[in-house]
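Undergrad: sharing a sequence plus its predicted fold:
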Amino acid sequence: MKKTRPGNTRNTVSDDQAISILLENIRKLVQTARRTAVATINSVRVVTNFEIGRLIVEHEQAGARRAEYGKEVLRTLSTRLMNEFGQGFSKRNLEYMRRFYLLYRERLSQIAQTPSAQLPV
């Protein structure tokens with residue numbers, strides 16, 4: 001019976017290779033999870049911005065149609081939203097969200113499709 005010494009390099013190389021393979025598998029898993037998270041967050045942001053634009057347009061259609069009224073609505077919304085949620089809700093961004101909705105409202109069913117609804121059953 002052959003005894004294995006603590007400094008046996010054959011076992012060490014094998015263990016190092018096994019750890020390297022394990023590390024690579026974990027690395028791939030974490031990278032895939034991060035890419036998936038980013039893609040999901042981006043999809044949710046697109047849908048959210050589209051819906052914010054829709055709400056603004058619907059509000060404008062139900063209220064006064066004067067240009068000054070619309071500007072004041074966006075200024076007021078911007079101030080209140082930035083106070084509550086921070087950056088990302090400047091008057092200009094709200095105008096972009098409104099324009100985004102107006103340009104793509106015909107594609108509502110494509111945009112409103114959530115990532116989770118696209119998963120196979």
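TA: Sure, I can see it.

Undergrad: mind listing what's buried in stretch 83-97?
TA: Under the neighbour-count criterion of 16 or more other CB atoms under 10 Å, stretch 83-97 has 89, 91, 93, 94, 95, 97 buried. Heads up, the C-betas are built off the backbone N, CA and C, glycines and all.

Undergrad: now, those that are in strands?
TA: Of these, none are assigned to strands by DSSP state E.

Undergrad: what's the nearest residue to residue 75 if we skip its chain neighbours?
TA: In space, residue 75 comes closest to residue 91 once its chain neighbours are excluded; the distance is 5.7 Å by CB to CB, 6 or more residues apart in numbering.

Undergrad: could you measure from that neighbour over to residue 77?
TA: In this view, residue 91 and residue 77 are 8 Å apart by CB to CB, to the nearest Å.

Undergrad: then residue 62?
TA: As judged by CB to CB, residue 62 and residue 77 stand 15 Å apart.

Undergrad: from the chain's centroid, how far away is the longest helix anywhere in the chain?
TA: When the chain is scanned for its longest helix (criterion: DSSP state H), the result is helix 9-62. Taking CA atoms, centre = their mean, to the nearest Å, the mean C-alpha location of helix 9-62 is offset from the chain mean by 9 Å.

Undergrad: what's the following helix or strand after it?
TA: Using DSSP states H and E, the helix or strand that follows helix 9-62 towards the C-terminus is helix 67-85.

Undergrad: how far off centre is that next one?
TA: 24 Å.

Undergrad: and if you look at stretch 92-110?
TA: 17 Å.

Undergrad: what is the mean pLDDT for that stretch?
TA: Mean per-residue pLDDT for stretch 92-110: 89.

Undergrad: for stretch 33-41, same thing?
TA: Here stretch 33-41 scores 96 as its mean pLDDT.

Undergrad: and for stretch 61-81?
TA: Mean pLDDT, stretch 61-81: 81.

Undergrad: contacting residues around that stretch?
TA: Contact partners of stretch 61-81, identified using CB atoms under 8 Å, 6 or more residues apart in numbering, comprise 56, 59, 60, 89, 90, 91, 93, 94, 95, 98.
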